[in-house]
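# I need the structure of the sequence given here:
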Amino acid sequence: MIRPRWTLRRRLVLAVVALLAIVAIVIGAVSILTLRGYLIDRLDAQVTKSTTRSQEAIGGGRAGGDGGPPPAAGFLALPGQSEGTLGAIISGGQLFSGAVLDRTGSPTPLTLAQATMLAALPPDGRPRTVELGADLGEYRVAVVESSNRNRLLIGLPLIGVNATVLQLALVVAIVSLIGLIAAAFAASFTVRLALRPLERVVKTATTVSELPLERGNVALAVRVDVIDADPHTEVGRVGAALNTMLGHIAAALAARQASEKKVRTFVADASHELRTPLASIRGYAELTRRGGYELPADIVHAMGRVESEAVRMTSLVEDLLLLARLDEGRELEKQDVDLTNLVSNAVADARVAGPDHEWTVDLADVPVLAVGDSARLHQVVANLLANARVHTAAGTTVTASVRAAGDRALIEVTDNGAGIDPALIDSVFERFVRGDGSRSRSAGSTGLGLAIVSSVVEAHGGETAVASTPGHTVFRVLLPLVHS
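Numbering: from 1, shown residues only. All right, here's what the predicted structure looks like:
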């Protein structure tokens, strides 16, 4: 499964938002880490001051006795000690008188696990972070040597620092999220505004792609606006390149049209001029055949071949002349044509021309009227029936039907022959295309019959189609109905 590619607009917006998100994360992380470091430094300073105060109290004898470890309550009760202050005396590797001041200022003894953890700290005077369980949380603790070979431990809680850092992190996250959302909308609007020239260039290219450039006189006057073809901008260079390309295409189309016009003129003139000598050849051949002269058998056979080939060439010339006139866009007659009667007559003619085939009709209950040239539409149906007769074996059933399909008339010619080679399906309506052995031919073919069908139907504003499988081939013609 191929995933759909992202548009340039989406990629640009996401790139901008991603870069801003990275910048916001970096700035937020640096700010939070800087603030945390600053607050911890302040807390360490407070720990140092509290340690100094407690050392002075112990050294002044206000909390000591006769050489034993003084009680922690003595120096914890000093003025300036804040709630949550941790104090303890370590003597002989064991912690004595360890307590924490509660919110009322009363010392709360430490647990055995907490005392064991604190007793193992080195007396280097450097504050360090210690986790004292869920009830006390993190503390910054410092241990120093005191009087009487004891160690003094003082600690302050990190709960205030952590709360401040967490609050800052939430503020940074919320502000960053709001900023990224606002940036996404702003970037989307800015990118949309910046890509409008490109959208106009795309619109021009799309308009050109929808023009029928394959044939006919095409006036390729579509160009990118001058404002979108500024070579000083990236989009402008694309627009200028597209204009240059369209200019080359227009020149090529004009040259092609001129060449096609010359060819059509030549074909029309040649076909018109050939009609007279071909008529003369047929006349002289027929005159010789009917003159009652005693001619050798081979001469009689040769003159018969000359006459038959002249008839065949006359048919080819007439087809070429008709196609040339249709290519020139000559107006056809526009009148109401009863397709029901037309198809019925065409099938009657085909029954005479191909008695070895089975011919059936399937007509609508009411007349189906279309607007067009009666003679040319009759030629369309006759060519389709002749195509079925020529390219199918004897005994094949050919059915012609006509009915109204919405606002159009539908003519179908169906046979149960061998079918059309799938490789030829897409080109059967092109000129000089002939079927191969998959549809056995019993007579010659110029390869122009279906081309005439397609050209005449298109000149009437209709459509042609074909579908074929072994045992079932159907040609369809859609024509505009008469509006009541």
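
# And the pLDDT at Trp6?
pLDDT, Trp6: 79.

# Quick check: the gap between it and Ile425.
38 Å (CB to CB, to the nearest Å). In short, each C-beta sits where N, CA and C put it, glycine included.

# now swap in Ile249 and tell me
Counting by CB to CB, the gap from Ile249 to Ile425 is 30 Å.

# ok, now Ala142?
Applying CB to CB to Ala142 and Ile425 gives a distance of 93 Å.

# neighbour count winner among these two?
Set Ala142 next to Ile425 and count neighbours by other CB atoms under 10 Å: Ala142 wins out with 21 against 13.

# Tell me the bridge partners for that one.
Ile154 (DSSP bridges).

# ranges for the helices of this protein?
Per DSSP state H, the chain carries helices over the ranges 8-59, 72-76, 112-119, 159-209, 234-290, 297-327, 339-353, 374-390, 449-459.

# May I see those helices arranged in a markdown table, with distance to Ile227 and mean neighbour count as well?
Below are the helices of the chain laid out as a markdown table (distance: least, CB to CB, whole Å; neighbours: other CB atoms under 10 Å):
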| stretch | distance to Ile227 | mean neighbour count |
| --- | --- | --- |
| helix 8-59 | 20 | 15 |
| helix 72-76 | 80 | 22 |
| helix 112-119 | 76 | 16 |
| helix 159-209 | 8 | 14 |
| helix 234-290 | 8 | 14 |
| helix 297-327 | 40 | 16 |
| helix 339-353 | 54 | 18 |
| helix 374-390 | 49 | 22 |
| helix 449-459 | 39 | 21 |
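
# Quick check: which of those is nearest to Val474?
Closest of the helices of the chain to Val474 is helix 374-390, at 10.0 Å (criterion: CB to CB).

# Just the residues contacting the closest one, thanks.
Outside of helix 374-390, the residues within contact range by CB atoms under 8 Å, 6 or more residues apart in numbering are 332-333, 335, 337, 339, 342-343, 345-347, 349-350, 353-354, 357, 359, 370, 396, 398, 400, 411, 413, 415, 417, 441-443, 445, 449-450, 452-453, 456-457, 459-460, 473, 475, 477, 479.

# could you give the mean pLDDT of it?
Across helix 374-390, the average pLDDT comes to 91.

# Okay, and the beta partners of Ile90?
Leu95, Arg151.

# Could you do the one 10 residues further on as well?
Listed by DSSP bridges, the beta-bridge partners for Val100 are Leu86, Thr108.

# which ones are touching it?
Gly84, Thr85, Leu86, Gly87, Pro107, Thr108, Leu110, Leu136.

# try 10 Å
Taking CB atoms under 10 Å, 6 or more residues apart in numbering as the criterion, Val100 is in contact with 72, 76, 83-88, 106-110, 114, 132, 135-136, 139, 155, 157.

# Mind exporting the C-alpha coordinates of stretch 126-137 to PDB?
What follows is stretch 126-137, C-alpha atoms only, in PDB (Å, rounded to 0.1, in the frame of the first residue of the first chain):
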ATOM      1  CA  ARG A 126      29.400  19.700  51.000                       C
ATOM      2  CA  PRO A 127      25.600  19.700  50.600                       C
ATOM      3  CA  ARG A 128      24.300  16.700  48.800                       C
ATOM      4  CA  THR A 129      20.800  15.400  47.900                       C
ATOM      5  CA  VAL A 130      19.400  12.600  50.000                       C
ATOM      6  CA  GLU A 131      16.100  10.800  49.600                       C
ATOM      7  CA  LEU A 132      14.500  10.200  53.000                       C
ATOM      8  CA  GLY A 133      11.400   8.300  52.000                       C
ATOM      9  CA  ALA A 134       7.900   9.200  51.200                       C
ATOM     10  CA  ASP A 135       7.200  11.100  54.400                       C
ATOM     11  CA  LEU A 136      10.100  13.500  54.200                       C
ATOM     12  CA  GLY A 137      11.100  13.400  50.500                       C
END
